[in-house]
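Novice: Sequence plus the predicted model coming up.
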Amino acid sequence: MTDPVFEAAYQAAQKSLREGGIPIGAALARAGQVIATGHNERVQQGDPIAHGEMSALRAAGRQVNYRDTVLYTTLAPCAMCTGTIIQFKIPKVVVGEAKTFPGEFDLLRSRGVEVVVLDDQRCIDMMRDFQRDHAELWAEDIAEEVDIPE
Ligand SMILES: [Zn+2]
């Protein structure tokens, strides 16, 4: 059975995809309950910092502390989001997949963050399709160069 918090993160990614955005979603949870969800807003808001994880944390607003929270994300966290996870002392991250983007697991683990990878096939397919169909947008989001076919 799918974890309902993970499902909320996945649905946020699907919402972003429907909006023409990058399909990465996230959810912040406490005691198995969703505090907030978010998705990548690079396209929708023109905001390069609004990765899924950042959007979920922003939507959650002020939290007195994060030490009893879990951050769920459909894709392995990048360096920026990893830095935020470390800064906020979020102890655990549940990741949909890390096959299409490796993220910063070594850095997270080196700072004591528990990383759980679900290897969710829906997330893998969602990102593979997106990376194939929108190579330039994906490259923009992870700050990579890409050869665009003429
Ligand atoms: Zn990120």
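Specialist: Alright, I've got the coordinates.

Novice: now the helices: where do they sit in the chain?
Specialist: Assigned helices in the chain, in chain order: 4-18, 42-45, 52-60, 79-87, 105-110, 121-133, 135-141 (criterion: DSSP state H).

Novice: what separates the helix or strand of the chain with the lowest mean pLDDT from the chain centre, distance-wise?
Specialist: Lowest by mean pLDDT, DSSP states H and E among the helices and strands of the chain is helix 135-141, with a mean of 94. Distance of helix 135-141 from the chain centroid (Cα atoms, centre = their mean, to the nearest Å) equals 15 Å.

Novice: can you tell me if it touches the ion.
Specialist: No - using Cβ under 5 Å from the ion, helix 135-141 stays clear of the ion, coming no nearer than 8.3 Å. No exception for glycine: its C-beta is placed from N, CA and C like everyone else's.

Novice: Which other helices and strands does that helix contact?
Specialist: If contacts are counted by 3 or more Cβ pairs under 8 Å, 6 or more residues apart in numbering; DSSP states H and E, helix 135-141 sits against helix 42-45.

Novice: can we see that at 7 Å?
Specialist: When contacts are defined as 3 or more Cβ pairs under 7 Å, 6 or more residues apart in numbering; DSSP states H and E, helix 135-141 packs onto no helix or strand at all.

Novice: Near Met54, how many other residues are there?
Specialist: Neighbour count of Met54, defined by other Cβ atoms under 10 Å: 20.

Novice: re the thing from before, deepest-packed of the helices of the chain, please.
Specialist: helix 52-60 (a mean of 23; mean count of other Cβ atoms under 10 Å).

Novice: picking up where we left off before, contacts for the least confident helix or strand of the chain, please.
Specialist: 22, 42, 130-131, 145-146, 148 (Cβ atoms under 7 Å, 6 or more residues apart in numbering).

Novice: Also near the ion: which of those residues, exactly?
Specialist: Okay, of the contacts of helix 135-141, nothing touches the ion (Cβ under 5 Å from the ion).

Novice: I am finished for the moment; much appreciated.
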